[in-house]
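# Give me coordinates for this.
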Amino acid sequence: MTTFPTPPHHPSHILVASPSHVVRQRVLESLRSPVRRFQQATGGAEALVHLESGFWQVLFLDRCLPDLDAEELSRTVRERYPGIEVVLLDPESDSEPAALEQNQDLLPETSPAFDPSPCHMGGNAPLRLRSGSAPAEKTRTMKDARDRFLIPVAPMIEAPLPGMIGNSSIMQPVYRLARLLASRTTTVLITGPTGCGKEIVARAIHQLSPRAGRGFAVVNCAAIPETLLEAELFGYARGAFTGAMQSYAGRIQAAQGGTLFLDEIGEMPLSLQPKLLRFLEQKELQRLGSSEVVRVDARVISATNAHLLSLVREGKFREDLYYRLCGFPIEIPPLSERSEDIAQLAAHFLEKYAARRPTPRLSEPALQLLKTQPWNGNIRELQNAIERALILSEDQPLIRPEHLLLADPGFRKPR
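The predicted structure is shown next:
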């Protein structure tokens, strides 16, 4: 069996991104040298997250990824991690003898067990390997890159998104993925607990996109009664129902050329989900009481603190709508996993709420206390705690632990 060459005598750090389990396993089994670290990813987004977690030498990248364009992802990786060799995996429908002969040392053995995913067009299709470097070098072997495999590369520190604070390592994938998505029209599903900043991420994606000059329409699906949500989203014609004295375009049409942000999407009534699905598929809508079809060019970003797949299994959320909304998922970690950012966030809120008084500082014991809290309300809870501390500290220049009311003020032990 032909194997993939890797640097001799040096255990390698290999990352393989492919939706096919068989492809990932074949790469691992075919590696010629010992592998110190081997990680698998099912898509491009997951691969980017793994790239943040440590040092990698080679990225094997399936050209048929379910979420990102492999060529574009390859360019992004080469720009940001110049020490990583990117090798594209090409499923071919025929063997092309001349090309295979030139690249014989790069081909794994043809396997009838090859996973026939929609991108992998045949059970006997071989994998063609191509370097992810410049087009003129696509057929060169990985031997030419052996020296580069051992170059340690410090991870690039991504600046926070507009409106966000903190440079913790756990937030780096969020910043990087948001910037990667900004120039595209892919639907984005932002998940994370209440108060972690999902809307801020959505607004940042919009502000960094070519749509920044157009509208950013927000609909909180949990805040609008079910009977009014359809009219608020899709609009209505004059006389469509009692009290409709004039036509209303609706929030979707207000996002024309811009972005529609659907917050708390898990709360959308089941009865309204087919109509939203049709808009996502056709980019068309009909106002209530009107037969006119209106085309709307709006990018859709949604957010939820619920586990949508659990709602799908419970029959409370349509599976087809879930996959339409989840073109690209971004998960925001809770504040309890961002202890590195607490000092910076607290300083920001101290300055924000200090008003006309000199901005006080956090004492070291107070900062350590903040870092040990569970923060079930996340950044919103931290913001409230800092505002209360400023009130209790009066004009003192230092915030001490006794100024931090961290217990739930609505909680009372039973007598």
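
# Quick check: which ranges of the stretch 301-415 of the chain have low pLDDT?
By pLDDT under 70, the weakly predicted segments of the stretch 301-415 of the chain are 407-415.

# Show me the strands in it, by range?
328-331, 361-362, 398-399 (DSSP state E, counting those that start in this stretch).

# wait, which of the ones you listed is closest to Ser291?
When the strands of the stretch 301-415 of the chain are compared by C-beta to C-beta, strand 328-331 sits nearest Ser291, at 34.6 Å. C-betas here are computed from N, CA, C, even on glycine.

# chain center to the strand or helix carrying Leu59, what's the gap?
Using DSSP states H and E, Leu59 falls within strand 58-62. Centroid displacement of strand 58-62 relative to its chain, using C-alpha atoms, centre = their mean, to the nearest Å, is 20 Å.

# Tell me the strands beside that strand, with direction?
If you go by DSSP bridges, strand 58-62 pairs up with strand 12-17 (parallel), strand 85-91 (parallel).

# hang on, the earlier thing: may I see the strands of the stretch 301-415 of the chain organised as CSV, with mean neighbour count added?
As requested, the strands of the stretch 301-415 of the chain are exported to CSV (neighbours: other C-beta atoms under 10 Å):
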stretch, mean neighbour count
strand 328-331, 18
strand 361-362, 18
strand 398-399, 18
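
# In TSV: the ones you listed, plus distance to Arg211.
Shown next, in TSV, are the strands of the stretch 301-415 of the chain (distance: least, C-beta to C-beta, whole Å):
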stretch	distance to Arg211
strand 328-331	16
strand 361-362	39
strand 398-399	41
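
# closest one to Asn376 among these?
The nearest among the strands of the stretch 301-415 of the chain, by C-beta to C-beta, is strand 328-331 at 17.5 Å.

# I'd like the distance from the closest one to the chain centre, please.
In terms of C-alpha atoms, centre = their mean, the centre of strand 328-331 is found 3 Å from the chain centre.

# And stretch 37-51, by the same measure?
13 Å.

# which secondary structure elements does the helix or strand that comes right after the strand holding Leu59 contact?
Using DSSP H and E, the helix or strand that directly follows strand 58-62 along the chain is helix 70-80. Here helix 70-80 touches helix 44-52, strand 58-62, strand 85-91, going by 3 or more C-beta pairs under 8 Å, 6 or more residues apart in numbering; DSSP states H and E.

# Flag every buried residue along the strand holding Leu59.
By 16 or more other C-beta atoms under 10 Å, the buried positions in strand 58-62 come out as 58-62.

# ok, now stretch 211-228?
Buried residues in stretch 211-228, counting neighbours by 16+ other C-beta under 10 Å, are found at 211, 214-221, 224.

# State the distance from Arg184 to Arg338.
To Arg338, Arg184 is 27 Å away according to C-beta to C-beta, to the nearest Å.

# Looking at these two, which is more packed in?
Arg338 (21 against 17; other C-beta atoms under 10 Å).

# Compute the distance between that one and Gln286, please.
Relative to Gln286, Arg338 is positioned 44 Å away (C-beta to C-beta).

# which parts of stretch 307-318 are buried?
So, applying 16+ other C-beta under 10 Å, buried residues of stretch 307-318: 308, 311-312, 316-318.

# That stretch: end-to-end distance?
The first residue of stretch 307-318 is 13 Å away from its last residue (C-alpha to C-alpha, to the nearest Å).

# ok, and what's touching that stretch?
189, 191, 265-266, 268, 270, 273-274, 277, 319, 322, 325-326 (C-beta atoms under 8 Å, 6 or more residues apart in numbering).

# re earlier: just the buried residues of strand 58-62 now: which is nearest Pro19?
Closest to Pro19, out of all of those and judged by C-beta to C-beta, is Asp62, at 6.7 Å.

# low-confidence ranges in the protein?
1-12, 31-36, 53-54, 91-156, 407-415.

# Tell me how it divides into domains.
Domain segmentation of the chain under automatic domain parsing yields 12-149, 169-331, 335-403.

# Go through the ones you listed and name the closest to Ile157.
Among the domains of the chain, domain 169-331 comes nearest to Ile157, with 7.2 Å by C-beta to C-beta.

# before we move on, back to that, and the angle from the strand holding Leu59 to helix 44-52?
Here strand 58-62 runs at an angle of 180 degrees relative to helix 44-52 (axes from the mean of the first three to the mean of the last three C-alpha atoms, to 10 degrees).

# Now do strand 58-62 against helix 70-80: the angle between them, please.
For strand 58-62 against helix 70-80, the angle by the same axes, to 10 degrees is 160 degrees.

# Could you export strand 58-62 as CSV, keeping only the C-alpha atoms?
Backbone C-alpha positions of strand 58-62 (Å, rounded to 0.1, in the frame of the first residue of the first chain) are rendered in CSV as follows:
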residue,chain,number,x,y,z
VAL,A,58,0.1,19.1,8.2
LEU,A,59,-3.6,19.7,7.4
PHE,A,60,-5.2,17.2,5.0
LEU,A,61,-8.2,19.0,3.6
ASP,A,62,-11.1,17.3,1.8
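
# what about the strands in the stretch 151-300 of the chain?
Under DSSP E, counting those that start in this stretch, the stretch 151-300 of the chain gives strands at 188-191, 216-220, 259-263, 284-286, 293-295, 299-304.

# Rebuild those strands as TSV, extending it with distance to Leu345.
Formatted as TSV, these follow (distance: least, C-beta to C-beta, whole Å):
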stretch	distance to Leu345
strand 188-191	19
strand 216-220	23
strand 259-263	22
strand 284-286	40
strand 293-295	42
strand 299-304	20
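
# quick one: which of those is nearest Lys371?
Closest approach to Lys371 among the strands of the stretch 151-300 of the chain (C-beta to C-beta): strand 188-191, 24.5 Å.

# Partner strands of the closest one and their direction?
strand 299-304 (parallel), strand 328-331 (parallel).

# contacting residues for the residue nearest to Ile265 when sequence neighbours are not counted?
If the residues on either side of it in the chain are set aside, Ile265 comes closest to Ser302, at 4.1 Å by C-beta to C-beta, 6 or more residues apart in numbering. By C-beta under 8 Å, 6+ apart, the residues touching Ser302 are 187-190, 261-263, 265, 325.

# In contact with the most centrally placed residue in the chain, which residues?
Centroid check for the chain by C-alpha atoms, centre = their mean gives Ile330 as the closest residue, at 2.4 Å. Going by C-beta under 8 Å, 6+ apart, Ile330 touches 174, 177-178, 181, 188-191, 201.

# That'll do, ta.
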